[in-house]
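Asker: Got a sequence here, can you build the structure:
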Amino acid sequence: MKTCLITTKTYQNHDNGPGHPENVNRVTSINTAIDNIKNTEWVETKNFSTKLIELAHDKKYIEKVNNSFPNNGLAFLDSDTIVSQGSKQASYDAVNSVLTAIDNVQDGSYQNAFVSIRPPGHHAHSNFAAGFCIFNNIAIGACYLVKNYNLKRVLILDWDVHRGDGTAEIISNKKNIFLISSHQYPFYPPGDGTEKVRGHFDNIRFFPLKAGLSSNDFYKIYEKIFIEIDKYQPEFILISCGFDAHKNDPLAEINLESIDYEYLTLKVKKYAAKHCAGKIVSVLEGGYDLKSISESSKFHVKSLAKI
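Answerer: Sure thing, here's the model as predicted:
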């Protein structure tokens with residue numbers, strides 16, 4: 001089976017203003033890099049009920065977001081989460097893209113999927129925006145898998161260099177969702193990023209990374225993470241796929257190479273094959289050096305598509 005690739009037409013309309021690191025060029029460069037990779041296929045995003053966002057977000061927060069999109073110019077949801085008129089449809093389409101990918105993998109149409117979208121999502125909490133994120137795309141997807149497909153063990157693996165604090169808050173009291181996050185710590189976002197955080201159902205594992213960490217030391221930590229994945233026996237794997245642990249990323253201090261995302265992807269595929277018939281949906285989060293994210297995403301998608 002092929003790897004499903006999904007993007008949106010509306011990501012280009014989400015404007016954060018001049019000089020913002022989370023800009024349209026990120027997704028454009030990734031889409032160019034992963035186009036025409038063997039055993040992949042681009043798929044159109046379907047529309048889903050906006051009510052599904054309530055699986056992860058408070059109704060009052062959703063109302064606040066819907067009322068925040070300006071008719072012209074820019075508005076601020078927080079100090080670095082900015083919206084424009086085009087951000088509304090881009091945000092909803094980002095969620096729709098994740099749900100489309102999940103359906104296509106869960107029904108067996110595709111082996112796995114990569115979702116190239118913006119705005120990203122893993123810093124968005126149930127009731128507030130943060131860190132460039134409006135809706136928590138991957139948390140909504142995980143909740144959808146539990147509700148729509150009655151899954152009991154959904155894994156979110158977050159290898160973005162910044163802790164998925166919004167995802168942790170949302171899934172902390174959801175017993176059928178398990179979050180593993182590796183992240184530079186101490187670093188953005190504020191709060192506890194240590195191993196002490198476990199979730200209400202012992203469903204969170206944090207793996208803090210020291211600034212300056214090398215690929216070899218990163219691999220050693222991930223051997224512990226793979227033990228956790230194997231122990232959990234997931235029925236579906238979602239990846240919060242940031243490429244900002246790369247050594248050239250301007251917003252972090254971890255020293256991965258582009259090819260390290262091949263290693264990560266192939267290892268996750270091994271456990272997906274063992275436990276959940278290879279079902280993986282990888283969702284773009286961060287990564288802010290255009291050359292690095294182009295190279296890293298190509299390694300990632302080639303590895304997803306490898307038969």
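Asker: And the pLDDT at I307?
Answerer: For I307, the model assigns a pLDDT of 85.
Asker: Make sure it is actually in contact with T40.
Answerer: No - I307 is not in contact with T40 according to C-beta atoms under 8 Å; the separation is 11.5 Å. No exception for glycine: its C-beta is placed from N, CA and C like everyone else's.
Asker: higher neighbour count, these two?
Answerer: The residue with more neighbours, out of I307 and T40, is T40; 20 against 8, by other C-beta atoms under 10 Å.
Asker: Now do the same contact list for that one.
Answerer: Shown in contact with T40 (C-beta atoms under 8 Å, 6 or more residues apart in numbering): K2, T3, C4, L5, I34, V301, A305.
Asker: Could you do V146 as well?
Answerer: K152, V154, K174, N176, I177 are the contacts of V146 under C-beta under 8 Å, 6+ apart.
Asker: Ok, G164 next?
Answerer: Here G164 is in contact with H122, H123, I138, I156, D158, L179, S181, H183, S240, E285 (C-beta under 8 Å, 6+ apart).
Asker: The nearest residue to N71 once chain neighbours are set aside and Q233, how far apart?
Answerer: Take N71 and drop its neighbours on the chain: the residue closest to it by C-beta to C-beta, 6 or more residues apart in numbering is Q85, 6.1 Å away. Applying C-beta to C-beta, to the nearest Å, the value for Q85 to Q233 is 45 Å.
Asker: need the strands for the stretch 51-200 of the chain, in chain order.
Answerer: Applying DSSP state E, counting those that start in this stretch to the stretch 51-200 of the chain gives strands spanning 75-78, 81-83, 112-115, 154-158, 177-184.
Asker: TSV for the ones you listed, including mean neighbour count?
Answerer: Shown next, in TSV, are these (neighbours: other C-beta atoms under 10 Å):
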stretch	mean neighbour count
strand 75-78	15
strand 81-83	22
strand 112-115	28
strand 154-158	27
strand 177-184	25
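Asker: Select, out of the ones you listed, the one closest to V65.
Answerer: Closest approach to V65 among the strands of the stretch 51-200 of the chain is made by strand 75-78 (7.1 Å; C-beta to C-beta).
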